[in-house]
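Trainee: can't give you the sequence, but here's the structure:
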Ligand SMILES: Cc1cc2nc3c(=O)[nH]c(=O)nc-3n(C[C@H](O)[C@H](O)[C@H](O)COP(=O)(O)O)c2cc1C
């Protein structure tokens with residue numbers, strides 16, 4: 001067995017105290033997001049892992065890009081017919097997670113996903129470069145294909161077809177918005193005694209704040 005027990009790190013960069021956090025997890029997410037970007041200089045700070053429960057009953061995780069967030073939720077864009085798309089339409093309970101190692105921080109968000117409106121998806125789709133728009137049309141995301149050539153040839157065909165024309169958003173491509181019900185913030189601390197603060201959405205739409213043991 002490969003021995004990785006020497007991979008050790010003491011987490012010492014920050015702390016997370018009940019006395020200094022906002023009442024709302026979106027505000028804390030916002031604060032941590034821009035701190036990571038400003039101080040850590042992380043590329044793709046908006047890369048997050050989204051976990052779904054598949055039609056086969058197994059959880060599956062993959063990275064997508066967070067494109068928008070506010071009090072209502074966290075938005076990413078994808079193909080609705082992909083494995084994750086089908087999983088979400090069957091079971092909207094998902095988990096999003098971020099690991100920002102520059103700041104020794106992790107955020108885990110449980111929530112329910114639903115499709116964004118067509119207009120919302122159109123607006124984002126229309127802001128993308130043409131290459132990305134065509135990519136969304138070309139790829140039957142998650143389908144088995146015989147070779148790479150299938151994608152390259154289809155792209156060439158569509159580039160010719162759409163030259164000088166507006167590229168429409170395919171119906172099976174758009175956003176999902178994840179409305180959070182629980183958000184956990186994890187700050188690494190020395191001696192493995194990390195700070196964990198969990199926000200849970202209450203029936204009155206206020207957030208309950210609790211500290212969890214590391
Ligand atoms: C950094 C990074 C960003 C990605 N961003 C997206 C994204 O925003 N949307 C998306 O559908 N897939 C994105 N992917 C690809 C997904 O990880 C995944 O391969 C794809 O969505 C198919 O997943 P599925 O078959 O589980 O549905 C990204 C991958 C990486 C590594």
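Mentor: Perfect, thanks for sending it. The model shown is predicted, which means the values in this text are computed figures rather than measured ones.

Trainee: tell me the contacts of the residue nearest to residue 121 when sequence neighbours are not counted?
Mentor: Spatially, and ignoring its direct neighbours in sequence, residue 121 is nearest to residue 174 (3.3 Å; Cβ to Cβ, 6 or more residues apart in numbering). C-beta coordinates here come from the backbone N, C-alpha and C atoms, glycine included. Contacts here follow Cβ atoms under 8 Å, 6 or more residues apart in numbering; on that basis residue 174 touches 77, 78, 80, 115, 116, 118, 120, 121, 125.

Trainee: thinking the second one is in contact with residue 170, fair?
Mentor: No - proximity of residue 78 to residue 170 does not meet the contact threshold set by Cβ atoms under 8 Å, at 11.7 Å.

Trainee: who's more crowded, the two?
Mentor: It is residue 78, of residue 78 and residue 170, that has more neighbours when counted by other Cβ atoms under 10 Å, with 22 against 17.

Trainee: Okay, and the beta partners of the more buried one?
Mentor: Beta-bridge partners recorded for residue 78 (DSSP bridges): residue 174.

Trainee: any idea how far it lies from residue 142?
Mentor: 10 Å (Cβ to Cβ, to the nearest Å).

Trainee: Same question for residue 63.
Mentor: Note on residue 63: its distance to residue 142, by Cβ to Cβ, is 14 Å.

Trainee: Please list the residues of the protein that sit near the ligand.
Mentor: 44, 47, 60, 62-65, 76-78, 82-84, 141-142 (Cβ under 6 Å from any ligand atom).

Trainee: Least confident of those residues?
Mentor: Lowest pLDDT among those: residue 44, with 90.

Trainee: For residue 63 and residue 142, indicate the residue with more neighbours.
Mentor: Neighbour totals were compared for residue 63 and residue 142, and residue 142 leads with 14 against 10 (other Cβ under 10 Å).

Trainee: quick one, what contacts that one?
Mentor: Listed by Cβ under 8 Å, 6+ apart, the contact set of residue 142 reads 79, 81, 82, 83, 84.

Trainee: Quick check on it: phi, psi?
Mentor: phi 80, psi -10 (degrees, to the nearest 10).
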